[in-house]
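Undergrad: Show me how the following folds:
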Amino acid sequence: MVVAIIALVAVMGIGVVLTPSLPRIERPLRSWLDECGLVGIPLGAVAVVLGAVALVVSGIVSALVPITVMAPISLVASLAIPIAALDAARSRRGTVAQARWPDIIDTIRMSLRAGGSLADAFGAASSQVPREWAGAWSIAVTDLNRGAPIDGVLRALRRDMAEPIADRVCDAIAVAQELGGTELPRILEELARSVRDDVRLRREATSRQSWVRHAARLGSAAPWVLVVLLGSRPENRDAFSSPAGTSLLVACAGATVVAYIVMTALGRLPDPVRWVTDD
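TA: Residues are numbered from 1 along each chain as shown. Below you'll find the model as predicted:
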């Protein structure tokens, strides 16, 4: 446990050294967290949770496998657990959005063609909006019904949804409203068709690359499960605690990280780029 605390202090020290670089990474990090569904959650709170998880996991590993070098390795590795969970939530959020948006866009388009207002069109699509965005969508409908400026409503909705297709839809509506709105149904029809084509291509590519992602996870976890099992024997613990054993574990940890990053990059499709981001 002492080693874990020392490692945590070292990580904090590195953070202090990198503090001048924080303004450059704060905005993309904020955007990434918003896309994970943590809209409005302060970066400091996320950092505290990550540090707490890392410390707890490192303490558990140190108790189960009393090998000196495993404490800092597990501390660094445990930071990846919540990050991976957030990234999985982000991917799941994007998948749900891509599946729902074509129907949402079609509902808005048909309501507008039937002569309804934008508020009526958004209200008609409320039942098709994923529950993660139900609150933000309901607020947008309420604001439109009470006559709030459309630009402000769309800006707030785009910020709360933090999703690339939402940017495109809100931007298309804002531009069409500014120019008169007569072309909005046609624009939304083309947008729905484009989203459907993109979803189909992504599903095919994702299904073909799924084995790469599964292999990366299995290949990264399996050697360390074996290390934990071997570390349950005193003679193995002594060998791993020696300078040669420590060097071997550190080298293996580095190789695991590099291999996982490479395998994950090979099996991942490029993320859709957000068209508009608000300051």
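
Undergrad: quick one: the helices in the stretch 1-150 of the chain?
TA: Secondary structure of the stretch 1-150 of the chain (DSSP state H, counting those that start in this stretch): helices at 2-17, 22-35, 43-64, 70-113, 118-124, 134-145, 150-161.

Undergrad: so which of those is the most packed in?
TA: Stretch with highest mean neighbour count among the helices of the stretch 1-150 of the chain: helix 118-124 (a mean of 21; mean count of other Cβ atoms under 10 Å). Every residue, glycine included, has its C-beta placed from N, CA and C.

Undergrad: what packs against that helix?
TA: Identification of packing neighbours for helix 118-124 by 3 or more Cβ pairs under 8 Å, 6 or more residues apart in numbering; DSSP states H and E yields helix 70-113, helix 134-145.

Undergrad: Extract the residue ranges of the stretch 151-279 of the chain that are flagged as low pLDDT.
TA: Counting by pLDDT under 70, the stretch 151-279 of the chain shows low-confidence ranges at 180-181, 267, 269, 271-279.

Undergrad: which stretches of it form helices?
TA: So, for the stretch 151-279 of the chain - with DSSP H, counting those that start in this stretch - the helices run 164-179, 184-230, 234-241, 243-266.

Undergrad: mind checking which of those helices is nearest Leu112?
TA: helix 184-230 (5.2 Å; Cβ to Cβ).

Undergrad: Gly40 - how many residues pack around it?
TA: Close neighbours of Gly40, defined as other Cβ atoms under 10 Å, add up to 8.

Undergrad: Val65 too?
TA: Counted with other Cβ under 10 Å, Val65 comes out at 20.

Undergrad: Please verify my assumption that it contacts Pro234.
TA: No. Counting by Cβ atoms under 8 Å, Val65 stays clear of Pro234, with 11.9 Å between them.

Undergrad: Out of the helices of the stretch 151-279 of the chain, indicate the one that is most buried.
TA: Per stretch, and counting mean count of other Cβ under 10 Å, the top mean among these goes to helix 164-179, which has a mean of 19.

Undergrad: Tell me which other helices or strands that one touches.
TA: Secondary elements touching helix 164-179 (3+ Cβ pairs under 8 Å, 6+ apart): helix 70-113, helix 150-161, helix 184-230.
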